[in-house]
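**Q** would you be able to build a 3D model of this:
(2 chains, ligands or ions: 2)
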Amino acid sequence: MGSWGNLRYDPPSRQRRLFDRAAPLPASAVPLLAWGNGRSYGDVCINSGGELLETGGLDRYLAFDATTGVLRAEAGVLLDDIIRSFLPRGWFLPVTPGTRFITLGGALANDVHGKNHHVAGTFGNHVARFELLRSDGARLECSPTQNVELYAATVGGLGLTGLVTWVELQLRRVAGPAIAVENRRFHGLDEFFALNAAAEKSHEHVVAWIDCLAATPRGILMAGNHADGVPPAPTFSPAVPFTPPFSLINHASLAAFNAAYFHRPLPARQTLHLLPYFYPLDNIRQWNRIYGRRGFYQYQCAVPQAVQQDATAELLAAIRASGQGSFLAVLKTFGDIASPGLLSYPLPGANLALDFPNGGAATLELFGRLDAIVREAGGRLYPAKDARMPGALFRQGYPRWQEFSNHIDPRFSSSFWRRITET
Amino acid sequence: MKRIVIIGATSAIAHAAARLWAGQGAALFLVGRNAERLDINAADLRVRGAASVVVHAMDATDDAAHAPMLAAAVEALGGIDVSLIAHGTLPNQRECETDSARLRAEIETNGVSVCLLAQLFANRFVVQGGGTLAVIGSVAGDRGRQSNYVYGAAKGMVARFLEGLRNRLARSGVQVLLVKPGFVDTPMTAEFDKKGLLWAQPEGVAAGILKAIDGGRDVVYLPWFWRYIMWIIRHIPERLFKRLSL
Ligand SMILES: Cc1cc2nc3c(=O)[nH]c(=O)nc-3n(C[C@H](O)[C@H](O)[C@H](O)COP(=O)(O)OP(=O)(O)OC[C@H]3O[C@@H](n4cnc5c(N)ncnc54)[C@H](O)[C@@H]3O)c2cc1C
Ligand SMILES: NC(=O)c1ccc[n+]([C@@H]2O[C@H](COP(=O)([O-])OP(=O)(O)OC[C@H]3O[C@@H](n4cnc5c(N)ncnc54)[C@H](OP(=O)(O)O)[C@@H]3O)[C@@H](O)[C@H]2O)c1
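**A** Ligands and ions are numbered 1, 2, ... in the order given. Next up is the predicted model:
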């Protein structure tokens, strides 16, 4: 039970699968931490030397109201399961990240966002209530009006406030599984921000792929709206069968790939099944293995609106100069819907995410340069993707961290939290 | 609409099967000894599409409760198309070697109570003129091993009992299916180290059970490769087998 980046961590001293939400937390001499499905990239779901509580056995629904679309489900339920159960009945997730293989508990604890942040806010904005099991045995129903402080601490609370046993989520009505997509190539950030602003007015889902190696940043903006019709769902899903000893992503393969991807014949409009639209990578199982045995990092940061274009340009220039990077580079803007959590990541501004093969010191040095740009811009890094940010950058980016830390359950901790507070 | 009774409905394997049936819109009657956990499962199955779910608390080793349970099931469902007997415990073998009360209790739970319930349903199916009796045994019932022979003996008893029952009912249109799973990742095996390749997930085993029912099978190993592993294990000569540390 590791995390998505395949970086090396010392193992937990014990891991235990939970099956019964009514059961008390196990007695343990070491710190506890819930583990959802390990789709976080770094160490927010790692608990070296501690005990991991794997929530995959907490996968039951409690109730569904077919008129309002309110679903109550155990915290280990996967978004994939929800889509399978409710898309055929005309309901979809109100907010979804780029993979459907995450749990409700994980979505809550990182207060995840999707391509619709500008109209829907974060995942937590759609969570009406949840139950939090604390190590003193208390079971607390938390909502914006009940146990409000623990509610705000637990949404985006990185699993540190206790075990979430169930979550009540407001699903979104959809006509069916179709998404009408508009694709636009852009050259330069001026064009990106102009196209993006327009697309956010007409489209619920907006995201851009960027070629991080191009001299002037270029990419493809993809804007989508739910639509009528039933396009075919993808069926075959290949897997990367083993981890090669070294990364298959390097500068040469990347430059060629990016150029080909940018120039590929691109339909201006197409209607897709929502699975390949929202989860383009889920169809290749364990694609994270292509980065080889040393694993990889994702660098994801948000910078405030006022400086978003300059900061994004600086970040991209630094990445290009380093010659590192990968195909996976995503740029989108967050809107101004307030996130409910004390440590929620999104802020109004630009959000940039790039994968990097673990190139050791060279990669970490580049991240140091990127950190400086983010710090200067008054931005922050996303803990769900982080494996290395300095504690000071975390504290600057999340000024409410001290208020948050008053709500940490005394028997819970994570490798991430120990790293952030000890450096 | 299929009408299904499950004994030991809180079992991970049984619940996975129940979900598949719920997805088909079946009517379910869930029997188990823990009422609270039955209710938790029932809510899940309702959301997943079951036409109806009724729960019934009963300890499988309480013989006197068997007939009233059947009556309640028939009352709730009208008739029964499939009954799945899934309850079981994994004995502490070492304890049973010195504690005869423990030994008896384990044989009662995993052997005797299963035979009694199997017979109860079989007789009902004869009256009905058809139906499927599916029982979860285990590969452990194929041969006695020092690490696990109390459990193995009980599961072996079930296998032999169903063999006879199947023979008795062959002309009556009643399917008698024995399911023999290998290692499955469930609460029963929570304390085991799950590193090897042989561990199956309850969802896969459940899918195999439904397929075997639909295919009219008599005996099924799940996953399939256990059939070959157990063929080899059954064919090791006893003179040699008794010296192995299995
Ligand atoms: C391909 C890919 C694309 C992604 N795209 C996006 C994206 O677009 N937007 C985005 O926001 N994120 C994205 N992510 C990140 C991912 O959504 C988050 O890391 C998510 O939190 C992972 O959920 P998980 O269930 O795997 O939880 P884990 O990674 O196992 O755990 C995450 C955190 O949740 C806590 N937790 C889990 N369950 C519970 C519980 N029951 N109670 C209390 N705490 C709990 C853990 O302790 C940990 O702190 C992406 C990840 C991948 C691999
Ligand atoms: N897991 C494996 O590796 C494996 C391998 C081969 C065969 N099997 C067999 O598969 C079946 C299902 O087991 P599982 O793996 O799904 O494990 P499980 O989740 O632990 O299920 C076993 C269930 O049996 C119930 N039970 C035990 N004694 C009972 C009694 N006296 N009355 C009523 N219910 C009783 C338990 O109820 P409570 O919830 O109340 O405790 C529990 O729900 C069992 O027959 C088991 O022997 C399992």
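
**Q** quick one, longest helix in the chain?
**A** All of this refers to chain A. Ordering each helix of chain A by length in residues (DSSP state H) puts helix A:361-377 first.

**Q** could you do chain B instead?
**A** Longest helix in chain B by number of residues (criterion: DSSP H): helix B:149-169.

**Q** how far off centre is that one?
**A** Helix B:149-169 has its C-alpha centroid displaced from the chain centroid by 12 Å (Cα atoms, centre = their mean, to the nearest Å).

**Q** just give the nearest non-adjacent residue to A:Gly57, would you?
**A** Sequence neighbours aside, A:Phe19 is the residue nearest to A:Gly57 in space, at 3.8 Å (criterion: Cβ to Cβ, 6 or more residues apart in numbering or on different chains). (Glycine included, C-beta is placed from N, CA and C.)

**Q** what sits against that neighbour?
**A** A:Gly57, A:Leu58, B:Ala12, B:Pro187, B:Ala190 (Cβ atoms under 8 Å, 6 or more residues apart in numbering or on different chains).

**Q** same thing with A:Gly341?
**A** Counting by Cβ under 8 Å, 6+ apart, A:Gly341 touches A:Asp111, A:Thr122, A:Gly124, A:Ala152, A:Ala153, A:Thr154, A:Val155, A:Gly156, A:Gly157.

**Q** what distance do you get for the last one to chain B?
**A** Spelled out, that is A:Gly157. According to Cβ to the nearest Cβ, to the nearest Å, A:Gly157 stands 25 Å off from chain B.

**Q** sec struct for the closest residue to A:Pro97 other than its chain neighbours, please.
**A** Leaving aside its sequence neighbours, A:Pro97 sits nearest to A:Val112 (Cβ to Cβ, 6+ apart; 4.5 Å). Using DSSP: H, G, I helix; E, B strand; the rest coil, the structure places A:Val112 in coil.

**Q** quick one: contacts for A:Val112?
**A** Counting by Cβ under 8 Å, 6+ apart, A:Val112 makes contact with A:Val95, A:Thr96, A:Pro97, A:Ile102, A:Gly106, A:Thr122, A:Phe123, A:Ala384.

**Q** tell me the confidence at it?
**A** pLDDT, the model's per-residue confidence, is 98 for A:Val112.

**Q** alpha carbons of the lowest-mean-pLDDT helix or strand in chain A, as CSV, please.
**A** Ranked by mean pLDDT, DSSP states H and E, the weakest helix or strand in chain A is helix A:251-263, scoring a mean of 80. Below are the C-alpha coordinates for helix A:251-263, written out as CSV (Å, rounded to 0.1, in the frame of the first residue of the first chain):
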residue,chain,number,x,y,z
HIS,A,251,13.7,14.5,-23.1
ALA,A,252,13.9,12.9,-26.6
SER,A,253,10.8,10.8,-26.4
LEU,A,254,8.9,13.6,-24.8
ALA,A,255,9.7,16.3,-27.4
ALA,A,256,8.7,14.0,-30.2
PHE,A,257,5.6,13.0,-28.5
ASN,A,258,4.5,16.5,-27.5
ALA,A,259,5.0,17.8,-31.1
ALA,A,260,3.0,14.9,-32.5
TYR,A,261,0.3,15.3,-30.0
PHE,A,262,0.0,19.1,-30.5
HIS,A,263,-0.2,18.7,-34.3
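
**Q** buried ones in that helix?
**A** For helix A:251-263, burial by neighbour count (16 or more other Cβ atoms under 10 Å in any protein chain shown) applies to A:Leu254, A:Asn258, A:Phe262.

**Q** run through who's touching it.
**A** Under Cβ under 8 Å, 6+ apart, the answer for helix A:251-263 is A:185, A:209, A:211-214, A:218-220, A:323-327.

**Q** can you name the next helix or strand after that helix?
**A** strand A:269-273 (DSSP states H and E).

**Q** what residues sit buried inside that following strand?
**A** Residues of strand A:269-273 classed as buried: A:Thr271, A:Leu272, A:His273 (neighbour count, 16+ other Cβ under 10 Å).

**Q** could you give the bridge partners of the last one?
**A** Taking DSSP bridges, one finds A:Ala178 as the beta-bridge partners of A:His273.

**Q** ok, it - contacts?
**A** Here A:His273 is in contact with A:Pro177, A:Ala178, A:Ile179, A:Pro231, A:Pro232, A:Ala233, A:Pro234 (Cβ under 8 Å, 6+ apart).

**Q** filter those to the buried ones?
**A** A:Pro177, A:Ala178, A:Ile179, A:Pro231.

**Q** present the residues you listed as JSON lines; the columns should include pLDDT.
**A** Shown next, in JSON lines, are the buried ones among the contacts of A:His273 (pLDDT from 0 to 100):
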{"residue": "A:Pro177", "pLDDT": "95"}
{"residue": "A:Ala178", "pLDDT": "96"}
{"residue": "A:Ile179", "pLDDT": "96"}
{"residue": "A:Pro231", "pLDDT": "88"}
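
**Q** just curious, which of the residues you listed is nearest to B:Val139?
**A** Closest to B:Val139 out of these is A:Pro177 (41.0 Å), distances taken as Cβ to Cβ.

**Q** rewinding a little: for PyMOL, write a command that selects the buried ones of the contacts of A:Phe19.
**A** A single PyMOL command selects the buried members of these (16+ other Cβ under 10 Å):
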select buried, (chain A and resi 57+58) or (chain B and resi 12+187)
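
**Q** contact partners for residue 103?
**A** If you meant another chain, say so; for now it's chain A. A:Gly36, A:Asn37, A:Thr55, A:Gly56, A:Ala75, A:Gly76, A:Val77, A:Leu78, A:Leu79.

**Q** hmm, I had chain B in mind actually
**A** Counted by Cβ under 8 Å, 6+ apart, B:Leu103 has contacts B:Pro91, B:Cys96, B:Glu97, B:Val150.

**Q** name the member of these that has the highest neighbour count.
**A** B:Val150 (24 neighbours; other Cβ atoms under 10 Å in any protein chain shown).

**Q** quickly list what A:Leu32 is bridged to.
**A** Going by DSSP bridges, A:Leu32 forms beta bridges with A:Glu51, A:Phe412.

**Q** and A:Asn183, how many neighbours?
**A** Using other Cβ under 10 Å, A:Asn183 has 15 other residues around it.

**Q** can you give me the strands in chain B?
**A** B:3-7, B:27-32, B:52-57, B:82-85, B:131-136, B:174-181, B:219-222 (DSSP state E).

**Q** in chain B, mark out all the helices, start to finish.
**A** Using DSSP H, the helices of chain B run over B:12-23, B:35-47, B:66-77, B:93-98, B:100-107, B:113-128, B:149-169, B:202-214, B:226-235, B:238-241.

**Q** tell me which of the ones you listed sits most buried.
**A** Most buried of the helices of chain B, by mean neighbour count (mean count of other Cβ atoms under 10 Å in any protein chain shown): helix B:12-23, with a mean of 24.

**Q** correct me, but B:Ala154 touches B:Ser113?
**A** No - checked against Cβ atoms under 8 Å, the pair B:Ala154 and B:Ser113 is beyond contact range at 9.5 Å.

**Q** can you pull the contacts of A:Val77?
**A** A:Leu58, A:Asp59, A:Arg60, A:Tyr61, A:Thr103, A:Leu104.

**Q** same thing with A:Val70?
**A** Contacts of A:Val70 by Cβ under 8 Å, 6+ apart are A:Ala63, A:Phe64, A:Ala128, A:Glu168, A:Leu169, A:Gln170, A:Leu171.

**Q** export those residues to a markdown table and tack on pLDDT and secondary structure?
**A** Converted to a markdown table, the contacts of A:Val70 look like this (pLDDT from 0 to 100; DSSP: H, G, I helix; E, B strand; the rest coil):
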| residue | pLDDT | secondary structure |
| --- | --- | --- |
| A:Ala63 | 98 | strand |
| A:Phe64 | 98 | strand |
| A:Ala128 | 97 | strand |
| A:Glu168 | 98 | strand |
| A:Leu169 | 98 | strand |
| A:Gln170 | 98 | strand |
| A:Leu171 | 98 | coil |
